[in-house]
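S.K.: kindly generate the corresponding structure for this input.
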Amino acid sequence: MSENTLQHHIQCREGDVAKYVLLPGSPERALKIAQHLDEFHEVARHREYAIFTGKKDGIDITVSSTGMGCPSTAICVEELGKIGADTFIRVGSAGGMQEEIHSGSIVIYTAAWRDDGTSAIYIPLNYPAVADRHVVAALEKGAQQLNIQAHVGLGASGDAFYAKKPAGSTEMKHDANILAGEMEASALFVVSALRGWRAGCIVAIDGNIYLNEKKKLGTEHLFREAEETEILIALEAVKILYEQDKAKS
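M.R.: Down below sits the predicted model:
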């Protein structure tokens, strides 16, 4: 397939997207992130994919929603990568899995527990889903530069939100020091590693899975503040990566 071919699902072609891409799950958050750019325009909107490209401090950045779950995330990343993107940062939400991680916390993933089906089709489960170390370091540095506390460590990605979990599975993840759980990062990490792209993930926490705490009345503002914060950190990380890439070229 020619790189200039219109990509079937995201409805974009070469020239539509930037090297650096921020990946929220929802179209609504994609627009919210795009509104933090100095300028932007809508490139495409098809199915779960809302895609915007613009500039922040002179850096070309694309924002694309992935939809919910690993299948649509893998499709999104594959098609973006075919037309020029090579650095991806998921900017999402998750549930905490340690006692100290509540609504309003920020977590940066170093790797993800592969509890999904999509990445297993790409490669066996004993292949690790690991974030790119340079992206992780940029996210950490971005948080530090903004004087924001972020938890850094392992996450988990699963498929079936409402399915009854096997007895002890949540406790096992807690005991394995998994910080948070969501539904997209494992596919992002695996696909990116296999294709030679860079990927990272930052999430805002909206409840605690281990403590069985869903969004509590009166805590929505904590999550919304964290959502705003993770966007600022992700944009700062892109600036850091851009400067590093420029120095290498």
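S.K.: could I get the full set of helices for this structure?
M.R.: In the chain, the helices defined using DSSP state H lie at 27-34, 70-82, 118-122, 133-145, 169-175, 185-195, 220-248.
S.K.: quick check: beta-bridge partners of residue 42?
M.R.: Beta bridges link residue 42 to residue 52 when assigned by DSSP bridges.
S.K.: now for the helix or strand of the chain with the lowest mean pLDDT, which elements pack on it?
M.R.: One helix or strand of the chain scores below all others by mean pLDDT, DSSP states H and E: helix 169-175, with a mean of 95. Of the remaining helices and strands, none touches helix 169-175 by 3 or more C-beta pairs under 8 Å, 6 or more residues apart in numbering; DSSP states H and E. Heads up, the C-betas are built off the backbone N, CA and C, glycines and all.
S.K.: what comes up buried for it?
M.R.: By neighbour count with 16 or more other C-beta atoms under 10 Å, helix 169-175 contains the buried residues 170, 173, 174.
S.K.: can you check stretch 15-30 too?
M.R.: The neighbour-count check on stretch 15-30 (16+ other C-beta under 10 Å) flags 16-27, 29-30 as buried.
S.K.: repeat for stretch 198-216
M.R.: Going by neighbour count (16+ other C-beta under 10 Å), the buried part of stretch 198-216 is 198-211.
S.K.: tell me the spacing between residue 207 and residue 143.
M.R.: 21 Å (C-beta to C-beta, to the nearest Å).
S.K.: so where is the chain shaky, pLDDT-wise?
M.R.: Per-residue confidence for the chain (pLDDT under 70) gives these ranges: 1-3, 214-218.
S.K.: residue contacts, the residue nearest the centre of it?
M.R.: Nearest to the geometric centre of the chain sits residue 90, at 1.3 Å (C-alpha atoms, centre = their mean). Contact analysis of residue 90 by C-beta atoms under 8 Å, 6 or more residues apart in numbering lists 23, 24, 66, 184, 185, 188, 199, 200, 201, 202, 203.
S.K.: residue 169 too?
M.R.: Residues counted as contacts of residue 169 (C-beta under 8 Å, 6+ apart): none.
S.K.: heads up, I number from 459, so please use that
M.R.: Got it, the first residue is 459 from now on, which makes the last one we talked about residue 627.
S.K.: what's the distance between it and residue 636?
M.R.: 11 Å.
S.K.: then residue 551?
M.R.: Computed as C-beta to C-beta, the residue 551 to residue 636 distance reads 16 Å.
S.K.: neighbour count for the two, which is higher?
M.R.: Between residue 551 and residue 636, counting by other C-beta atoms under 10 Å, residue 636 is the more crowded of the two (24 against 20).
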